[in-house]
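Participant: Could you look at this predicted model? Sequence included:
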Amino acid sequence: MKEQDWWWPVAVVGEEQAGPQPVVLLGEALVLWASDAGPPSLLTDRCPHRGTRLSLGKVRGDTLECPYHGWRFSGAGQCLAVPAQPGFVPPASTAAACHGLQASHGLWWASLGGRAFHPLPDLQGLPARRLVYGPFDVATSAPRAVENFLDTSHFAFVHEGWLGDAQHPEVPPYDVVHTADGRPVIESYQAWQPRASATAAGGAWVTYRYEVLSPFAALLTKRGDGDAPQDSYVVWACPQTPESCRLWFAQYTTDTHTPDDVLRNFQVDIFGQDQPVLESQQPKRLPISGGEAMVAADRLSAAYRRYLKQCEITFAVC
């Protein structure tokens, strides 16, 4: 499965300090945990002894203890102790599988593959202030959620009075270009928005720039007129199962004054408008081989679906 060779977000950096954290990625149950000393680790959430979830266990010093029989595992997954048999040296076959893990963009990223991993997206040049919102558990596929983030023609209906105006539902013509590695980009797109941000005092024309960062991630940069804050938003989607995902949104902003909770509440409200519509879509997996109507306003959606095919994505699509 090609998806195993990509990095996917699984948790916010710091959550591992609260104890073993269960996560799901590409249908696999995993456990993220941190020892008293040393880097965090990501293991398959299954004790090789009797299949118990290790995420129900406890961190004991530099080991993760299974809640059933107390077997203890290192950060690399090797079983180091079997309390029922003191002095016994467990063989290598009793290890729990260990997976690739790295921190970036305020999140922990995992890869289940053993081959060369695709690099993480480069976010250089964005405003220094970063806020990460989530997680949001959504009963639809990761690519459905990302395509919604890329779609502007729903603004006048789902976000009426906020990001869109029902009296102006038209989508202006725009061009989709591609990066050297095939990722779709809209360099400039103008939209009238009654309330473009948490601090907006009234309606304004806003210039958008969209960029697909990876199969299940995208970047939106919004530029208003005059002294309006410049904001960039990223959606990071973790494909949990073919029909469910976990999302985080990151906001990078030049606004250095508005309190975190005001900015966060605005974005939470926006996604609260999206979520029930997203979860109603059928099929939950994104059709990338036809079966749904397209018009000119959907150029970016069509380009995104072609990109997923180019990447040979098979998980959460149909």
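Facilitator: Alright, I've got the coordinates. Numbers count the residues shown, from 1 in each chain.

Participant: give the contact list for residue 88.
Facilitator: By CB atoms under 8 Å, 6 or more residues apart in numbering, the contact set of residue 88 is residue 82. C-beta coordinates here come from the backbone N, C-alpha and C atoms, glycine included.

Participant: how close does it sit to residue 68?
Facilitator: 17 Å (CB to CB, to the nearest Å).

Participant: Could you do residue 56 as well?
Facilitator: According to CB to CB, residue 56 and residue 68 sit 8 Å apart.

Participant: Check residue 7 too.
Facilitator: 32 Å.

Participant: Between the two, which is the more surrounded one?
Facilitator: residue 7 (22 against 15; other CB atoms under 10 Å).

Participant: Residue 113 is in contact with that one, correct?
Facilitator: No: judged on CB atoms under 8 Å, residue 7 makes no contact with residue 113 at a distance of 9.6 Å.

Participant: So for these two, which residues contact both of them?
Facilitator: With CB under 8 Å, 6+ apart, residue 7 and residue 113 have common neighbours residue 100.

Participant: Tell me where the stretch 101-250 of the chain has helices.
Facilitator: Under the criterion DSSP state H, counting those that start in this stretch, helices of the stretch 101-250 of the chain are mapped to 142-150, 155-158.

Participant: for these, which one ends up most surrounded?
Facilitator: Among the helices of the stretch 101-250 of the chain, helix 142-150 has the highest mean neighbour count (mean count of other CB atoms under 10 Å), at a mean of 24.

Participant: which helices and strands sit right next to that one?
Facilitator: The helices and strands touching helix 142-150, judged by 3 or more CB pairs under 8 Å, 6 or more residues apart in numbering; DSSP states H and E, are strand 204-214, strand 217-223, strand 231-241, strand 244-253, helix 260-280, helix 299-310.

Participant: avg pLDDT for stretch 167-174?
Facilitator: Stretch 167-174 shows a mean pLDDT of 87.

Participant: same check, this time on stretch 103-123
Facilitator: On average, stretch 103-123 scores 88.

Participant: how near is the residue in the chain sticking out farthest from the centre to residue 81?
Facilitator: Centroid-distance maximum for the chain: residue 87 at 43.9 Å, with CA atoms, centre = their mean. If you measure residue 87 against residue 81 using CB to CB, the figure is 10 Å.

Participant: Excluding chain neighbours, give the residue nearest to residue 70 in space.
Facilitator: What sits nearest to residue 70 in space, not counting adjacent residues and going by CB to CB, 6 or more residues apart in numbering, is residue 83, at 4.3 Å.

Participant: And residue 47, by the same measure?
Facilitator: Closest to residue 47 by CB to CB, 6+ apart is residue 66, at 4.4 Å.

Participant: before we move on, what about residue 169?
Facilitator: residue 156 is the one closest to residue 169 (CB to CB, 6+ apart), at 3.8 Å.

Participant: what about the chain, any weak spots by pLDDT?
Facilitator: Applying pLDDT under 70 to the chain flags residues 1, 114-116, 196, 201, 225-229.

Participant: Quickly note the distance from residue 69 to residue 76.
Facilitator: Counting by CB to CB - residue 69 and residue 76 are separated by 20 Å.

Participant: Pull the number of nearby residues for residue 46.
Facilitator: Neighbours around residue 46, by other CB under 10 Å: 19.

Participant: For it, give its distance to residue 187.
Facilitator: 47 Å.

Participant: In contact with the residue nearest to residue 47, which residues?
Facilitator: So residue 66 contacts 47, 49, 52, 54, 57, 72-73 (CB under 8 Å, 6+ apart).

Participant: Need the max-distance pair from those residues.
Facilitator: The distance between the two most remote of those (CB to CB) is 13.2 Å, for 52 and 72.

Participant: More neighbours: which of the two?
Facilitator: Set side by side, residue 52 and residue 72 show more neighbours around residue 72, with 21 against 17, by other CB under 10 Å.

Participant: what bridges to the more buried one?
Facilitator: Listed by DSSP bridges, the beta-bridge partners for residue 72 are residue 65, residue 81.

Participant: Wait, it touches residue 81, no?
Facilitator: Yes: at 4.3 Å, residue 72 counts as touching residue 81 under the criterion of CB under 8 Å.

Participant: coming back round to it: over to the residue nearest to residue 70: give its phi and psi.
Facilitator: The phi and psi values for residue 83, taken as degrees, to the nearest 10, are phi -50, psi -30.
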